[in-house]
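Visitor: Sequence and computational prediction follow.
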Amino acid sequence: MSSSGLKRKADSQENAPGQPRTKLPAIAEADTNVPLRPSRTAANRAAVGKGPPPLTKPKAPPLSTSTTRRYERATSAPPKIAPVRPPARPTSARPTATRPTTTRTTRAASGSAATQDKRFQALQDQVQSIESARAADTARLAADMERERAKLSELEENHMALTRELAAARTQEMTHKRELVDASDEMEQMRKRHAREMDELEAQMRRRDREIRELKDELRVCLDDLERERQTVSTLKSTIAHQSDAQLSLTTQVAAMKAQIDALQGQLSTSSVSNSTLVLQLETERKRVAELERETLEAETIRRKLHNMVQELKGNIRVFCRVRPILPSDLTPAALVKSSSSASSLSTTPTPEPEDAERLKGEAMAQIVFPDKMDHKEIVLHSSSESATGQERKDEWTFSFDRVFEPHSTQMEVFEEISQLVQSCTDGYNVCVFAYGQTGSGKSFTMEGGHTDATVGMIPRAVDQVFKVTDDLRRKGWEYKMEGQFLEIYNETINDLLGKGEFDKKKHEIKHDARTGRTTVTDVNVVALRSPAQVRTLLAQAQSRRTVAATLMNERSSRSHSVFTLRIRGENAQTREVCEGSLNLVDLAGSERLEKSGAAGDKDRLRETQNINRSLSALGDVIAALGEKGEGKSDKHIPYRNSKLTYLLQNSLSGNSKTLMVLNLSPLATHLNESLCSLRFATKVNNTTIGTAKKQSRPAITA
Ligand SMILES: Nc1ncnc2c1ncn2[C@@H]1O[C@H](COP(=O)(O)OP(=O)(O)OP(=O)(O)O)[C@@H](O)[C@H]1O
């Protein structure tokens, strides 16, 4: 039984309803009923000795409550005795017994009084026995109670002890629980540590596996290498065997060679004497070569000086004449009858059959003769016509220029002559080259040319030369900067051929700097020139822009002047010299006369032609005025402002510049009259002497 069970039982005993906590009810009653105190044995003895024998043995009152029975079972406590009450006396009997003086009954029942006394006595005895029994029971019960109390206190002690044990057990349990928790924590940590260690071990294992694999691979490679080395060793062994054989034979040869060397050394000592003589000679020759080179350099400098002197003596305006060859397109019947105003050479009509070509060529060709086969300075034009009277009339015109180029002349030949002028530009002169002639006479071909090395024109060749010369001069301390612009003058309006192709929209103005002698045009692209290839790209761009513009207005390039300007500025850091020059390469508009231009019915064409003629005649006027000024009329006004072209080229046409006009002629008979006009204009220019050109530099570049 648990201690708590015991406690509950004790409590239930103590707190039974209707019973005092410390004394049973029977005991309590016994305590108060003094007459029943005497012990049972004494009472019984008294009763046995004095009174009548007991009528009946008093029975203990039944312990009817179930609670009492439960106590008996549970604690073996003495059974409870219900309070024994003295038998009820009939109320009527007491007066009878106590009042023997009652008259009527005494008389009627005097006989039965004795009986009643006896009965009373018996009852008294009975009561006494009961009381004594009761006293005995009480004593027994008290003893039982005492025992129970002892047991109870024992049980309480037990209970206390058990409670303490329980508390101790609980404390122990708590301690165990804490220990358990600590242990489980520790176990968890150990498990984690173990898992970590396992992971590390696995990673280590994997690393080891990888290392093993790598080592195996390396081993395999080593084994392969070893195998190869073995093979090499065996090859080398066999080579060594061969080599030792060869060595043997070589040793023999070496011995033979040594003998030869000895013989040769003898010869060498002989020849070394003559060799030293030769070395001396060579040294002398080298000195001579150096001397000659220096002389050549000086001669070159002198040549350049002389060249410039010759150029200056020739005057600063010269005229070349170039006749273009007959083209297949010139020989079509349509072209043959075409007026000179049309660009016949650009016709796309089919070319004639070869057998007809020669005949047509003869018919088409004007009679042009080049009599001066030495200096190539003359050109003679013949013409035969029938007069009104039917007589044949023959005409002959002879013209003389600085150089005449026949139809078969190449671009290179023409440039050889021009290159001298280009050279002057790098020396600090302003140079201007014009291509003058009627439409289709070959001006553009001369200036711009074709795309092959043979046909490339004067502009690209001049640029190439400028770059080449400036490169050469770099070695002498010169640094050059070059820039270029490409303009078109159409109907007296300036357009930028290196611009965005917005033709005839922007207004460009020409400005001259009187101090520097430099000419600029507002709002045009001036491009730094870095290489000949870049210049060619720029020219191609300009050409394509002109072509696009020409779709709006036919033959634009024929009807406008184009001016390519290359400005060059050189500085010599050593000599502190500075020189500036410019090269203007001008492709003039077709020079045909108004009546031949076919412009009569076309207002725009008429305007174009008038503008062209005005600017060309302004050019002639400027040149003529310059000539007059050169002849002494120092106050002569030069009408530069009469046209955009002359105003633009003012600084390149003045007395300080070098000017070359290339007169381009068509070889066609149909163009004879135009050719004569051009020849006369060129002669006028050629006969003009315009002073002496001047360099735009401080000390001249002569070195
Ligand atoms: N020396 C030459 N050798 C070969 N072909 C030439 C020569 N000169 C001109 N040509 C050709 O003649 C044709 C007309 O020449 P080009 O266009 O240069 O004439 P142009 O005077 O510039 O005419 P435009 O005033 O219309 O521009 C072109 O097809 C050109 O290739």
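Guide: Perfect, I can see it now. Numbers count the residues shown, from 1 in each chain.
Visitor: ok, longest helix in this protein?
Guide: What stands out as the longest helix in the chain, according to DSSP state H, is helix 112-314.
Visitor: Given the following helix or strand past it, what are its sheet partners and their directions?
Guide: On the C-terminal side of helix 112-314, the nearest following helix or strand under DSSP states H and E is strand 317-323. Looking at strand 317-323 with DSSP bridges, its partner strands are strand 403-405 (parallel), strand 658-665 (parallel).
Visitor: what about the strand or helix carrying F399, average pLDDT?
Guide: F399 belongs to strand 392-400 when assigned by DSSP H and E. Per-residue pLDDT over strand 392-400 has a mean of 89.
Visitor: and if you look at stretch 674-688?
Guide: Stretch 674-688 shows a mean pLDDT of 88.
Visitor: Give me the contact list for it.
Guide: 317-319, 321, 340, 366, 379, 381, 397, 399-402, 436-438, 441, 591-593, 596, 616, 620, 623-624, 626-627, 630, 661, 663-666 (CB atoms under 8 Å, 6 or more residues apart in numbering). Where you see a C-beta, it was placed from the backbone N, CA and C, and this is true even at glycine.
Visitor: can you narrow those residues to ones near the ligand?
Guide: Residues of those in contact with the ligand (CB under 6 Å from any ligand atom): 437, 441, 664.
Visitor: which among those gets closest to the ligand?
Guide: Within those, proximity to the ligand (CB to the nearest ligand atom) peaks at S441, which comes in at 4.4 Å.
Visitor: circling back: narrow the contacts of stretch 674-688 to those that are buried.
Guide: Using 16 or more other CB atoms under 10 Å as the burial test, the contacts of stretch 674-688 include 317-319, 321, 340, 366, 379, 381, 399-402, 436-438, 441, 591-592, 596, 616, 620, 623-624, 626-627, 630, 661, 663-666 as buried.
Visitor: Residue of the stretch 51-200 of the chain closest to the ligand, please.
Guide: Nearest residue of the stretch 51-200 of the chain to the ligand (CB to the nearest ligand atom) works out as D199 at 88.2 Å.
Visitor: Give me the neighbour count for that residue.
Guide: D199 has 10 neighbours, counted by other CB atoms under 10 Å.
Visitor: which bits of the stretch 401-550 of the chain sit near the ligand?
Guide: Residues of the stretch 401-550 of the chain lying close to the ligand by CB under 6 Å from any ligand atom are 437, 439-445.
Visitor: Next, format these as a markdown table and append distance to T452 and secondary structure.
Guide: Formatted as a markdown table, these follow (distance: CB to CB, whole Å; DSSP: H, G, I helix; E, B strand; the rest coil):
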| residue | distance to T452 | secondary structure |
| --- | --- | --- |
| G437 | 23 | strand |
| T439 | 24 | coil |
| G440 | 21 | coil |
| S441 | 21 | coil |
| G442 | 16 | coil |
| K443 | 19 | helix |
| S444 | 16 | helix |
| F445 | 12 | helix |
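Visitor: Most widely separated two among those?
Guide: For these, the farthest-apart pair by CB to CB is T439 and F445; their separation is 12.4 Å.
Visitor: Between those two, tell me which one has more neighbours.
Guide: Per other CB under 10 Å, whichever of T439 and F445 has more neighbours is T439, with 26 against 20.
Visitor: in terms of contact, does the more buried one touch G590 like I think?
Guide: Yes. Look at T439 against G590 with CB atoms under 8 Å: they come within range, at 3.2 Å.
Visitor: Find residues that contact each of the two.
Guide: Contacts common to T439 and G590, judged by CB under 8 Å, 6+ apart, are S558.
Visitor: sorry, back to before: pick out the shakiest of the strands paired with strand 317-323, pLDDT-wise.
Guide: Among the strands paired with strand 317-323, strand 658-665 carries the lowest mean pLDDT (a mean of 92).
Visitor: for whatever residue of the stretch 451-600 of the chain ends up closest to the ligand, helix, strand, or coil?
Guide: Proximity of the stretch 451-600 of the chain to the ligand (CB to the nearest ligand atom) peaks at S558, 3.1 Å away. Per DSSP: H, G, I helix; E, B strand; the rest coil, the local secondary structure of S558 is coil.
Visitor: Report the contact partners of it.
Guide: By CB under 8 Å, 6+ apart, the residues touching S558 are 343, 439-440, 589-590.
Visitor: Out of those residues, who's the most crowded?
Guide: Comparing those by number of neighbours (other CB under 10 Å), G440 comes first, having 31 neighbours.
Visitor: Test my guess that that one contacts P667.
Guide: No. Contact criterion CB under 8 Å: G440 and P667 do not qualify, at 10.8 Å.
Visitor: So H637 is in contact with A625, correct?
Guide: Yes. Counting by CB under 8 Å, H637 touches A625, with 6.9 Å between them.
Visitor: In terms of neighbours, single out the busier of those two.
Guide: With other CB under 10 Å as the criterion, H637 and A625 differ in neighbour count, and A625 comes out ahead with 20 against 9.
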